[in-house]
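# requesting a structural model of the entry that follows:
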Amino acid sequence: MPPACLVRNLIQAKMAMRDQAVPFDLSIITVSWNVRDLLRDCLRSVDAGRNQLNLEMIVVDGASNDGSADMVQQEFPWVNLIVSEKNLGFPGGNNLGIAYAKGRNILLLNPDTVILDDALPVMIRYIDQHPDIGALGAQLLNPDLSIQSSRRRFPTMLTALFESTWLETIAPASILRSYYTLDLPDSEKADVDWLTGACLLVPRRVIDHVGLLDEKYFMYSEELDWCRRIKDAGWRVFYLPQARIIHHVGKSSEQAITDRHINFQRAKLRYFRKYHGRFAATSLRAFLLLIYSWQIIIEALKGLLGHKRTLRWQRVRSYWQVLRSGLKPAGY
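Model prediction:
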């Protein structure tokens with residue numbers, strides 16, 4: 001594999017030529033960290049449909065230690081591989097790929113996805129036919145082909161208090177039903193507020209107008225923030241179930257459970273600080289720290305009583321690390 005400095009020089013040279021080159025219909029950007037086998041399946045699914053579109057594939061490897069970069073280089077020579085010296089996070093890695101890309105449309109595609117049938121040309125045709133759409137998402141499926149939740153309305157403070165905390169199971173049904181757009185049929189096209197970033201198509205002209213992903217989100221909520229900026233600029237965010245993608249959820253983040261808690265809650269707080277103000281974010285942060293403190297007490301008591309003791313002490317250590325982090329997001 002070429003040294004990192006040579007990779008950087010190659011990227012800079014290609015970026016300098018980007019505006020002079022004939023653009024692709026689509027640039028697919030996949031940010032990968034230690035999911036070699038899933039990444040291989042993803043690239044195979046892209047390769048199977050390469051004859052349907054004029055596309056380029058860009059993989060940004062975030063300092064994986066599982067041989068992912070070597071696998072891409074050896075098995076998929078048609079892929080543009082960018083090897084980062086460190087894990088840049090989801091927005092940082094995608095922004096690096098966007099800077100390199102030459103396509104008139106940019107697709108953010110998770111490495112733990114598999115493209116089904118003609119999903120890519122279906123998405124490109126639809127967004128070309130509807131220039132008022134600024135972000136387009138496919139229907140995401142679980143590995144068993146059941147439908148995966150991928151559409152959302154913008155979160156409210158009530159949503160933030162319940163969603164992804166232990167209180168979610170007792171939340172009033174109307175709150176989460178609205179947030180997860182459960183009132184909209186999964187099989188029908190729909191305008192939504194935002195879409196999860198596992199498969200998100202955005203025209204280059206939209207990115208040139210609203211800017212790149214906000215890198216102060218290391219992981220989580222960056223696509224929420226991006227979709228909000230896209231909608232605020234006057235474009236639609238649209239769900240297209242005629243394009244289908246299999247998505248294995250959270251295969252990178254599950255390798256670091258404590259970091260997942262910290263990154264998720266920090267991202268939530270950054271979003272609320274940015275769009276709802278300091279008071280909302282400070283109140284939410286105090287609430288989340290209280291929730292994790294309470295969880296430590298509950299898990300410790302269960303451990304002392306001998307119920308799944310190993311699991312309980314693992315959770316106590318994890319939640320303690322969350323408290324120690326303070327959950328202060330970047331730019332707080």
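
# helices and strands around the longest helix along the chain, which ones?
Longest helix in the chain, counting residues (DSSP state H): helix 278-304. Using 3 or more Cβ pairs under 8 Å, 6 or more residues apart in numbering; DSSP states H and E, the elements in contact with helix 278-304 are helix 157-162, helix 257-276, helix 309-325. Yep, even glycine has a C-beta here, placed from its N, CA and C like the rest.

# ranking the ones you listed by burial, who's on top?
Mean neighbour counts were compared across those using mean count of other Cβ atoms under 10 Å; the top stretch is helix 257-276, at a mean of 20.

# what residues does it touch?
The contact list for helix 257-276 (Cβ atoms under 8 Å, 6 or more residues apart in numbering) reads 155, 157, 160, 164, 216-222, 224-225, 228, 250, 253-254, 280-281, 284-285, 288, 292, 317-319, 321-322, 325, 327-332.

# can you get me the start-to-end distance on stretch 249-259?
With Cα to Cα, to the nearest Å as the measure, the ends of stretch 249-259 fall 16 Å from one another.

# what ranges do the strands span in the stretch 51-200 of the chain?
Using DSSP state E, counting those that start in this stretch, the strands of the stretch 51-200 of the chain run over 55-62, 80-84, 105-109, 113-115, 133-141, 151-152, 190-192, 194-195, 199-203.

# mind giving me the packing neighbours of the longest one?
Using 3+ Cβ pairs under 8 Å, 6+ apart as the contact criterion, the neighbours of strand 133-141 among helices and strands are helix 119-129, strand 194-195, strand 199-203, helix 204-210, helix 222-232, strand 236-247.

# distance to residue 169 and mean pLDDT added to these, as CSV?
As requested, these are exported to CSV (distance: least, Cβ to Cβ, whole Å; pLDDT from 0 to 100):
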stretch, distance to residue 169, mean pLDDT
helix 119-129, 34, 97
strand 194-195, 24, 97
strand 199-203, 28, 98
helix 204-210, 36, 97
helix 222-232, 23, 97
strand 236-247, 24, 98
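
# now for residue 203, how many residues are close by?
By the criterion of other Cβ atoms under 10 Å, residue 203 has 21 neighbours.

# would you confirm that it contacts residue 127?
Yes: between residue 203 and residue 127 there is a contact under Cβ atoms under 8 Å: 6.4 Å.

# list residues touching both of the two?
Joint contacts of residue 203 and residue 127 (Cβ under 8 Å, 6+ apart) are residue 105.

# and the contacts of helix 257-276, which are buried?
Using 16 or more other Cβ atoms under 10 Å as the burial test, the contacts of helix 257-276 include 155, 160, 216-222, 224-225, 228, 253, 281, 284-285, 288, 292, 318-319, 322, 325, 327, 329 as buried.

# one step back: out of the helices and strands packed on strand 133-141, which gets nearest to residue 85?
Residue 85 lies closest to helix 222-232 among the helices and strands packed on strand 133-141, at 21.1 Å (Cβ to Cβ).

# so how far is residue 249 from residue 88?
Distance, residue 88 to residue 249, by Cβ to Cβ, to the nearest Å: 21 Å.

# of the two, who's got more company?
Taking other Cβ under 10 Å, residue 88 and residue 249 do not tie; residue 88 has more neighbours (19 against 15).

# in space, what's closest to the more buried one - neighbours in sequence excluded?
residue 62 (5.7 Å; Cβ to Cβ, 6 or more residues apart in numbering).
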